[in-house]
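# I would like to see how this sequence folds:
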Amino acid sequence: MNVRSFIKVDKAAFYRFIQTEPEGRYEYEWGRIVQQQQGGTKGHGRIAGQFHFEIKRRLDPKAWVIIEARGVETAETIRYPDVVVEAAMGPEDSSSTLTPVLIVEVLSPSSSDRDLFVKPAEYLALASLEAYIVASQSEPVCKIWVRGLDREFADEPMTLTGLDKTIDIPGLSLSIPLADIYGELFGTAAGH
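Below is the predicted model of the structure:
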């Protein structure tokens with residue numbers, strides 16, 4: 001199926017397209033199929049992999065599934081974040097989730113504006129979401145939106161800088177020191 005990004009399609013057509021497209025990375029944005037940059041730097045992959053590993057070792061695998069590049073469906077888009085956490089129950093054959101509880105994006109030069117200024121509005125509107133983390137790949141810095149006790153997100157993310165800081169997500173009873181994510185790249189990992 002050959003689809004051009006200016007032709008409007010529905011989500012069903014998008015899913016059919018990505019199942020038959022052998023190469024490429026695509027997202028669905030407001031009725032259009034948009035090709036994204038493929039691949040990434042080794043640093044990007046290492047940071048995404050560390051998030052996956054550290055989240056997986058801290059959450060109960062009977063309750064939660066941690067997946068890299070899992071589709072997240074919002075009202076108008078289907079995105080593929082670097083790491084997605086969702087409840088373990090549910091169908092195993094779905095191509096995306098409507099109910100992520102945690103989303104992690106690792107910044108790339110080509111995705112920085114979208115990850116920091118477009119995606120927050122999309123992701124934070126999801127009732128299931130407890131936190132959205134945007135992680136630097138070049139230094140130990142994360143910008144984090146965490147759902148508060150009032151079930152609201154702050155307008156601006158909290159910025160954590162340095163290996164001595166810890167990501168806390170109370171809704172998941174999850175704490176991850178930045179040293180565990182970035183230690184191998186930028187210093188000594190804590191607790192290893």
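# Quick check: which element contains Y28?
For Y28, the element it lies in under DSSP states H and E is strand 25-29.
# Could you figure out how far the next helix or strand after that strand is turned away from strand 25-29?
The helix or strand immediately downstream of strand 25-29 is strand 32-36, counting by DSSP H and E. If you take axes from the mean of the first three to the mean of the last three Cα atoms, to 10 degrees, strand 32-36 sits at 140 degrees to strand 25-29.
# Mean confidence (pLDDT) on the next helix or strand after strand 32-36, please.
Reading on from strand 32-36 to the C-terminus, the next helix or strand found by DSSP H and E is helix 42-58. Mean pLDDT, computed over helix 42-58, is 95.
# What are the buried residues along helix 42-58?
Buried residues in helix 42-58, defined by neighbour count with 16 or more other Cβ atoms under 10 Å: H44, R46, I47, A48, Q50, F51, H52, E54, I55, R58. From N, CA and C alone the C-beta is placed, and that goes for glycine too.
# right, and the third one touches Y182 too?
Just to be clear, that refers to I47. Yes: applying Cβ atoms under 8 Å, one finds I47 in contact with Y182, separated by 7.3 Å.
# related to what we said a few turns ago, is it possible to get the buried residues of helix 42-58 out as TSV so that each row also shows distance to P170?
Below are the buried residues of helix 42-58 laid out as TSV (distance: Cβ to Cβ, whole Å):
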residue	distance to P170
H44	28
R46	27
I47	23
A48	24
Q50	22
F51	18
H52	21
E54	17
I55	15
R58	14
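# what about T97, how many neighbours?
Using other Cβ atoms under 10 Å, the number of residues around T97 comes to 22.
# wait, doesn't it sit right on T74?
No: T97 is not in contact with T74 according to Cβ under 8 Å; the separation is 10.6 Å.
# For the strand holding Y28, which helices and strands make contact with it?
Contacts defined by 3 or more Cβ pairs under 8 Å, 6 or more residues apart in numbering; DSSP states H and E place strand 25-29 against helix 11-20, strand 32-36, strand 77-79.
# closest to M158 out of the ones you listed?
Nearest to M158 among the helices and strands packed on strand 25-29 is strand 77-79 (21.7 Å), distances taken as Cβ to Cβ.
# Contacts for the closest one, please.
With Cβ atoms under 8 Å, 6 or more residues apart in numbering as the test, strand 77-79 has contacts from K11, F14, E27, Y28, E29, W30, G71, V72, S96, K119, E122, Y123.
# This completes my enquiry, with thanks.
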